[in-house]
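Q: only geometry, no sequence info:
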């Protein structure tokens with residue numbers, strides 16, 4: 001034991017852990033009356049809230065033993081909750097996603113979890129509820145010195161070579177994660193080429209994110225073609241190796257802050273409903289879904305979406 005940590009402090013933390021795990025029903029055979037353990041439920045959550053991922057990415061995120069995670073995933077596969085798909089670029093890389101049955105199972109678990117938490121909060125008065133949520137925020141803040149904290153994240157202006165990297169990264173990642181064809185890469189190349197050759201730096205700007213000196217993300221803002229008084233966010237990308245570091249949020253925040261400073265009254269973006277993680281970032285930044293339209297592009301039937309933000 002660290003000489004600076006008193007035994008009573010260790011006992012207090014263990015006592016809280018025992019109380020909380022018992023309070024939320026984490027010790028039973030199945031979480032909230034479902035067939036899933038707490039760990040299985042967390043893995044299911046990560047699969048449900050990511051567009052596509054690999055076992056190694058989930059293992060790194062949750063700090064799970066590879067063998068233990070493999071057994072969980074095999075169990076999910078036997079229940080037909082997940083599907084595996086090899087990427088075209090690297091046959092050794094297997095992408096995981098939930099099946100319709102898996103999404104149904106997660107939906108049931110999510111609804112029960114929300115109901116359980118709402119029931120706990122409903123028993124508390126307003127002041128007690130505020131104290132509880134404040135204490136939870138404090139715990140998260142104090143313990144947030146995790147493995148991500150020592151990774152150096154920089155958001156900077158573009159340099160020579162960045163646009164070429166961004167086009168290649170878009171084409172490669174969207175083909176690996178969604179199976180989109182070269183039509184998408186061609187569209188991205190057109191958008192970036194237009195930005196590189198004719199953007200106005202007073203009202204149009206690009207940013208590149210680096211993690212430990214390596215490119216890991218990008219985004220840019222341009223005038224909307226139909227309405228020059230509207231800013232348009234384009235080509236947000238975060239490499240899978242850098243997800244979970246808040247890079248997508250930081251890039252979107254840069255876009256919004258710049259658009260406000262440039263005098264735009266509104267901002268829009270176009271995306272597709274399958275890009276679940278990106279949509280969560282847009283919602284958190286205040287964007288509101290305004291339009292949806294089905295279309296066939298990039299080799300798939302998709303639902304395009306227009307999101308808007310009043311600046």
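A: Everything's here; your move. If you're wondering where the values come from, they're calculated on a predicted model, not measured in any experiment.
Q: hey, let's count contacts and neighbours off CA atoms from now on
A: OK.
Q: All the helices of the stretch 101-250 of the chain, residue numbers only.
A: 126-142, 162-178, 182-198, 247-261 (DSSP state H, counting those that start in this stretch).
Q: possible to save these as TSV with mean neighbour count and mean pLDDT?
A: Listed next are the helices of the stretch 101-250 of the chain as TSV, based on neighbours: other CA atoms under 10 Å; pLDDT from 0 to 100:
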stretch	mean neighbour count	mean pLDDT
helix 126-142	11	77
helix 162-178	18	91
helix 182-198	15	95
helix 247-261	19	93
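Q: Same list, those, but as a markdown table with distance to residue 101 please.
A: Output for the helices of the stretch 101-250 of the chain, formatted as a markdown table (distance: least, CA to CA, whole Å):
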| stretch | distance to residue 101 |
| --- | --- |
| helix 126-142 | 33 |
| helix 162-178 | 19 |
| helix 182-198 | 29 |
| helix 247-261 | 30 |
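Q: quick one: which of those is nearest residue 273?
A: helix 162-178 (12.0 Å; CA to CA).
Q: can you tell me which of the helices of the stretch 101-250 of the chain comes nearest to residue 302?
A: Going by CA to CA, the one of the helices of the stretch 101-250 of the chain nearest residue 302 is helix 162-178, 11.0 Å.
Q: Now do the closest one and helix 182-198, the angle between them.
A: Orientation of helix 162-178 against helix 182-198 (axes from the mean of the first three to the mean of the last three CA atoms, to 10 degrees) gives an angle of 160 degrees.
Q: helices or strands next to helix 162-178 in the packing?
A: Here helix 162-178 touches helix 182-198, going by 3 or more CA pairs under 8 Å, 6 or more residues apart in numbering; DSSP states H and E.
Q: what's next to the helix it packs on, contact-wise?
A: 163, 167-168, 170-171, 222, 235, 297-299 (CA atoms under 8 Å, 6 or more residues apart in numbering).
Q: Compute the number of surrounding residues for residue 237.
A: 21 (other CA atoms under 10 Å).
Q: I'd say it and residue 215 touch.
A: No - at 10.7 Å, residue 237 does not count as touching residue 215 under the criterion of CA atoms under 8 Å.
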